[in-house]
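Peer 1: Curious how this folds, go ahead:
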Amino acid sequence: MALLSRPRLSRAELLAKRLADDPPGAREEYERDLTGIVHFKKVSEPTLRSHERLKSYWRDFARTRTEETQALPVEYESGEITIGVPAPDAATIKAFVDWMATALRGRLNSHINRRTLQSNTQTFLAFWPRYAGVTIETHIQNEVKLYAASCIE
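Peer 2: Residues are numbered from 1 along each chain as shown. You can find the predicted model right below:
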């Protein structure tokens, strides 16, 4: 057993010492009320650009669907993903996957490939809670991922 050169502080003493030694505002930050605050992992700039690109796809999808006879539910007509917008159902997300498979152009071919479609679908499902504050149910996510994998040969 290793010998300590000084007596060990209790957890309460250690916390008090760290809050006293830390920069100004540390105690206020530690003691603030976190009720109702949603925390997300910080993401890099390229990831944020990818999110913006997919949000623009969603807006284009919503615009084309409202112009056609196959209208979207009212909450998605604007195409904006904001806090409080409910999670789309499986049929709506599958229609979005179909739209991406049909409307997007690939770099090497006239259409995007399956891997790109799957990646876009996964990113869309992952960022919805970040921007809308509502998670998409797991069984819907699984159903949509399988659909995206089977869309393009």
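Peer 1: tell me the contacts of the most centrally placed residue in the chain?
Peer 2: Centroid-nearest residue in the chain: Phe127, 1.4 Å away (criterion: C-alpha atoms, centre = their mean). Contact analysis of Phe127 by C-beta atoms under 8 Å, 6 or more residues apart in numbering lists 51, 54. (C-beta placed from N, C-alpha, C; glycine too.)
Peer 1: buried sites along the lowest-mean-pLDDT helix or strand in the chain?
Peer 2: Lowest by mean pLDDT, DSSP states H and E among the helices and strands of the chain is helix 26-31, with a mean of 76. By 16 or more other C-beta atoms under 10 Å, helix 26-31 has no buried positions at all.
Peer 1: starting at the chain centroid, how far to the helix or strand following it?
Peer 2: Going down the chain from helix 26-31, the next helix or strand is helix 45-67, by DSSP states H and E. On the basis of C-alpha atoms, centre = their mean, to the nearest Å, helix 45-67 sits 13 Å off its chain's mean C-alpha point.
Peer 1: List the first helix or strand encountered after helix 45-67 toward the C-terminus.
Peer 2: Sequence-wise, the next helix or strand downstream of helix 45-67 (DSSP H and E) is helix 90-103.
Peer 1: just checking, what packs against that following helix?
Peer 2: helix 45-67, helix 114-132, helix 138-151 (3 or more C-beta pairs under 8 Å, 6 or more residues apart in numbering; DSSP states H and E).
Peer 1: average model confidence for the shortest one?
Peer 2: In this case it means helix 138-151. For helix 138-151, mean pLDDT rounds to 92.
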